[in-house]
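> Sequence plus the predicted model coming up.
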Amino acid sequence: MNRIFKFAIPAIRSIAILFALNLIIAWPGNSQAGLPYHTLELSNLNDFQTPPANWVIAGDVFMDLFQYRDVQAFNGTGVLVNTAAGENPQDLFTVWQHGDLDLELEFMIAKESNSGIYFQGRYELQMLDSWGVDTPKFYDMGGVYQWWEDGAGRGGTAPRINASRAPGLWQHLEVKFRAPRFDDNGKKIQHARFEEVNLNGVMIHRNVNVVEPTAGSVSSEETAKAPLRIQGTHGPVAFRNIRFKKYNNEPLLLHNLTYTYHTGEFENAADVAESRVISSGESDIIHLGMLRETGAIGVVFSGYLVVEHSGDYFFDTRTDGGHRLMVGGSVISDVGDSNRRQHPNQTHLYLEEGNHRFELVYFRGARGGQPAAGIFVEGPQMLMHTLHDASSLPRGTQNLPLMIEPSDKPVVMHGFMSMGGDQVHTHTAAVGYPNGVNFAIDQNSGALMKIWKGEFINASTMWVGRGGRNLSLNEDNAITINAWPSIAKIDGSRDVWPSAHPENAEYRFNHYRFLEENSVEFGYQLHGVMISDILKPDAEGKMLNRAMVFTNENAAAANSLMIRVATGSEINQLPNQLYEVDGKQFYIQVHGEAAGAARVRTVGNSRELLIPVQINDVTSIEYSYIW
């Protein structure tokens with residue numbers, strides 16, 4: 001029985017602790033690489049039907065954050081751009097048709113522009129500049145558009161959360177679309193469905209049925225296959241890194257499958273096959289229902305794998321214990337008893353059409369716990385599926401989220417935060433604002449580590465084991481700024497930025513406190529300079545503003561201090577005076593006199609945006625992260 005507990009805590013809307021005994025969860029698809037996607041090269045428009053003049057191939061594109069529907073396309077390849085030019089701009093259709101489709105791409109939309117992707121030319125996933133919208137509707141970015149019925153709009157599904165970013169930035173979209181199903185007489189028996197939609201790392205839809213073709217569809221008649229359509233009539237939009245998988249074929253089947261059950265301590269698969277058979281039987285699928293013990297056991301499955309389509313196949317064999325998998329006489333996975341079910345054992349194999357000899361030997365030493373054995377398979381135009389019964393590969397339990405959400409005031413959470421690999425910052429303060437703008441700062445150095453929007457912190461990891469990396473957030477939605485100090489003493493233009501403050505810097509964290517204007521101030525001292533650091537979002541939740549006030553107590557040290565605002569593989573100043581970082585992943589705007597002093601320097605393979613600090617008595621420097 002699932003239970004939900006809610007506790008009212010000042011400045012926190014709710015902390016929901018959700019747990020369930022033996023909760024079943026989906027196997028981690030992220031660890032299953034699967035077959036590769038098909039990628040559109042975008043060196044030409046050959047993948048599209050009679051491309052209208054408003055669609056061009058470019059090498060780069062610029063859309064001004066401040067200018068209505070502004071777009072500039074630059075020579076080159078790799079970017080598909082709708083310039084919206086001309087008196088009658090048109091939509092774009094692929095030459096290929098699709099049924100079930102997994103689609104991934106990056107897109108950029110201009111200020112106040114409007115586009116959309118129509119799956120099968122009929123079911124629109126809306127693309128609208130919705131930057132800063134508090135409560136998104138079905139017509140906002142990522143919404144599933146409504147359909148028309150009796151002259152009125154019906155249905156439509158708003159995204160779960162507004163995960164859209166600023167105009168002119170590259171955004172990431174992942175869609176799992178499932179086409180409508182029809183019986184042998186052509187009668188629809190299942191609606192079209194968006195199985196999952198992720199925008200900028202945030203899941204915004206799951207299992208959304210689309211009852212009818214949405215408004216603007218090419219036809220009210222539904223079909224099993226049709227081209228993909230990109231709207232081009234309502235303003236500039238650009239795409240790159242478009243890749244997809246089409247699915248048309250049925251899953252693989254096992255034929256004439258039998259099993260033999262064995263007991264004993266086995267070191268390898270050969271030992272199992274040579275041991276005495278305790279029992280045997282027939283099955284249509286891999287299962288472990290014959291087991292009488294949890295350990296010192298072995299099972300041998302033998303039969304044929306029926307392959308109806310020649311091509312590349314992907315296998316991922318999961319067992320708690322050892323196994324050997326053979327297909328067509330080839331051993332494709334062979335591991336010992338130390339293997340655990342969460343460990344993927346992945347192989348790519350080309351199979352011809354026909355019946356292929358199949359054998360899976362599973363064995364497990366004498367120990368407690370639950371036996372587990374299963375196989376995941378993906379084939380040509382074939383969705384990932386299993387060759388096992390769900391009960392044979394227990395999926396374990398999950399610590400469901402304990403989400404902390406700010407209400408009317410900002411919230412500060414202290415703990416450990418990972419910065420990739422084994423790098424853990426032990427004195428992190430994560431700050432969440434009511435309008436959904438969040439950041440994390442290292443109190444040991446003053447480093448602004450990460451910024452993100454939407455859901456604040458999942459604190460459930462604080463209650464697992466020793467609660468090590470306990471400030472957990474959606475990393476796919478977060479932007480990493482830097483793990484190193486934001487302020488340092490730099491004497492020369494070629495000095496490498498320090499990874500930590502040296503001892504002679506006399507860095508000291510003094511305090512953090514809530515200010516009357518509903519913001520949070522961090523105070524610290526460096527080289528005798530007192531620093532007030534206030535990070536606060538704008539009212540619309542579009543950006544994070546950082547204001548640093550330096551009070552001079554050591555003139556010599558003060559005037560060699562430098563602020564490192566950002567670092568990345570590339571940082572460029574745009575025509576509108578904003579800086580774009582890492583190929584338009586986010587913007588930085590430097591305010592006031594500091595804007596004229598800011599500069600970009602190259603160090604090795606990376607670039608840094610720096611602002612020198614010139615202090616007379618009290619100096620204030622302000623800049624904003626925009627995304």
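Looks like it came in fine.

> Quickly list what the residue lying closest to His255 once chain neighbours are set aside is bridged to.
Of all residues not flanking His255 in the chain, Tyr304 sits nearest, at 4.5 Å (CB to CB, 6 or more residues apart in numbering). For every residue, glycine as well, the C-beta is placed using N, CA and C. With DSSP bridges as the criterion, the beta-bridge partners of Tyr304 are His255, Arg357.

> hang on, Tyr304 packs against Arg357?
Yes: the pair formed by Tyr304 and Arg357 meets the contact definition of CB atoms under 8 Å, at 6.4 Å.

> who has more neighbours, those two?
Set side by side, Tyr304 and Arg357 give different neighbour counts by other CB atoms under 10 Å, the larger being at Tyr304 (17 against 13).

> For the more buried one, give me its contacts.
For Tyr304, the contacting residues are 254-257, 355-358, by CB atoms under 8 Å, 6 or more residues apart in numbering.

> If we use 10 Å, what do you get?
253-257, 327-328, 354-358 (CB atoms under 10 Å, 6 or more residues apart in numbering).

> likewise Trp131?
Taking CB under 10 Å, 6+ apart, we find Trp131 in contact with 65, 109, 111-112, 141, 162, 164-169, 540-542, 626-627.

> what number of residues lie near the closest residue to Arg160 other than its chain neighbours?
In space, not counting the residues next to it along the chain, Arg160 is nearest to Ile204; the distance is 5.0 Å by CB to CB, 6+ apart. Applying the criterion other CB under 10 Å, we find 26 residues in the vicinity of Ile204.

> backbone phi and psi for Ile204, please?
Torsion angles at Ile204 (phi, psi; degrees, to the nearest 10) stand at phi -110, psi -20.

> Quick one: buried ones out of the contacts of Tyr304?
The neighbour-count test (16 or more other CB atoms under 10 Å) applied to those identifies 254, 257, 327-328, 356, 358 as buried.

> What is the most widely separated pair among those?
The two members of these with the most space between them (CB to CB) are Leu257 and Gly328, at 15.5 Å.

> Can I get the lengthiest helix in the chain as CSV, trimmed to CA atoms?
Looking only at the chain and at elements set by DSSP state H, the helix with the highest residue count is helix 269-274. C-alpha atoms of helix 269-274 as CSV (Å, rounded to 0.1, in the frame of the first residue of the first chain):
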residue,chain,number,x,y,z
ALA,A,269,28.3,-22.7,-17.2
ALA,A,270,30.0,-25.9,-18.3
ASP,A,271,29.7,-27.3,-14.7
VAL,A,272,25.9,-26.8,-14.9
ALA,A,273,25.5,-28.6,-18.1
GLU,A,274,27.5,-31.6,-16.8
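
> what sits up against it?
Under the criterion CB under 10 Å, 6+ apart, residues 260-266, 297-300, 302, 322-326, 331, 334-336, 359-363 lie in contact with helix 269-274.

> Run the chain-centre distance for it.
For helix 269-274, the distance from its own C-alpha centre to the chain's C-alpha centre is 43 Å (CA atoms, centre = their mean, to the nearest Å).

> Tell me which strands the helix or strand following that helix pairs with, and in which orientation.
Counting by DSSP states H and E, the element after helix 269-274 in chain order, helix or strand, is strand 279-283. Taking DSSP bridges as the criterion, strand 279-283 forms sheet pairs with strand 253-263 (antiparallel).

> ok, Pro180 - contacts?
99, 120, 122-123, 188-193, 209-211, 213, 222-224.

> what secondary structure does Leu609 sit in?
When the structure is reduced to helix, strand and coil (DSSP: H, G, I helix; E, B strand; the rest coil), Leu609 reads as strand.

> any idea whether Gly596 is helix, strand or coil?
What three-state DSSP gives for Gly596 is helix.

> Would you check that it makes contact with Val590?
Yes: with contact taken as CB atoms under 10 Å, Gly596 and Val590 are classed as touching, separated by 8.7 Å.

> Give the residue from these two that has the larger number of neighbours.
With neighbours defined as other CB under 10 Å, Gly596 and Val590 compare such that Val590 has more, 22 against 8.

> First-to-last residue distance for stretch 342-353?
Distance between the two ends of stretch 342-353: 31 Å, counting by CA to CA, to the nearest Å.

> before we move on, what about stretch 588-596?
End-to-end distance for stretch 588-596, by CA to CA: 14 Å.
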